[in-house]
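Just need the structure, nothing else, for what follows:
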Amino acid sequence: QVQLAESGGGLVQTGGSLKLSCTASGYTFNNYIMGWFRQAPQKEREFVASITTTGNFTFYADSVKGRFHISRDNARNTVDLQMNNLQPEDSALYYCAAKWRTRYDYWGQGTQVTVSS
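Below you'll find the model as predicted:
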């Protein structure tokens with residue numbers, strides 16, 4: 001049974017930092033690209049960041065470039081998202097997801113991030 005479990009969300013003030021973690025099980029973790037997405041109320045889900053299977057390449061949405069950092073540990077089946085200089089517009093439900101070829105096949109339940117102004 002595939003599971004992606006996010007943790008690390010919470011309430012933080014503007015300019016603060018949070019680190020999200022996602023622990024995967026039930027599939028071959030190091031065969032999958034991993035990504036983070038977010039969805040704010042009344043908005044569509046949007047891409048935040050992704051990392052290739054070996055961790056050699058990372059990709060970011062323009063809105064988070066330079067503030068967020070994605071990493072993975074294939075030995076522990078985890079992918080992290082370090083978020084710095086958080087802004088109110090970063091408030092959302094954050095999801096991790098796993099991609100085999102062209103689409104994200106597996107999704108977590110999400111962890112809430114709220115940034116107060």
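
tell me the centre residue of the protein?
By Cα atoms, centre = their mean, the mean C-alpha position of the chain lies nearest to Trp36, the distance being 2.8 Å.

Surely it and Ala49 touch.
Yes: counting by Cβ atoms under 8 Å, Ala49 is a contact partner of Trp36 at 5.0 Å. The C-beta positions use only the backbone N, C-alpha and C, and glycine is treated the same way.

So the residue nearest to the centre of the chain belongs to a strand, correct?
Yes: residue state for Trp36 (DSSP: H, G, I helix; E, B strand; the rest coil) corresponds to a strand.

Can you tell me how far it is from Phe68?
8 Å (Cβ to Cβ, to the nearest Å).

do Met34 as well
Relative to Phe68, and taking Cβ to Cβ, Met34 is found at 14 Å.

Tell me which of the two has more neighbours.
Met34 (30 against 22; other Cβ atoms under 10 Å).

helix or strand for Tyr94, which one?
strand 92-99 (DSSP states H and E).

just to revisit the earlier point, what sits opposite the residue nearest to the centre of the chain in the beta ladder?
Assessed by DSSP bridges, Trp36 has beta-bridge partners Ala49, Cys96.

Just the pLDDT at it, thanks.
Here, the pLDDT recorded for Trp36 equals 98.

Report the secondary structure state of the nearest residue in space to Ser71 that is not next to it in sequence.
Closest residue to Ser71 apart from its sequence neighbours, by Cβ to Cβ, 6 or more residues apart in numbering: Asp80 at 5.1 Å. Three-state call for Asp80 (three-state DSSP): strand.

And Thr23, by the same measure?
Thr23 is classified as strand under three-state DSSP.

what is it paired to in the beta sheet?
Going by DSSP bridges, Thr23 forms beta bridges with Ala5, Thr78.

Quick check: it vs Gly10, distance?
17 Å.
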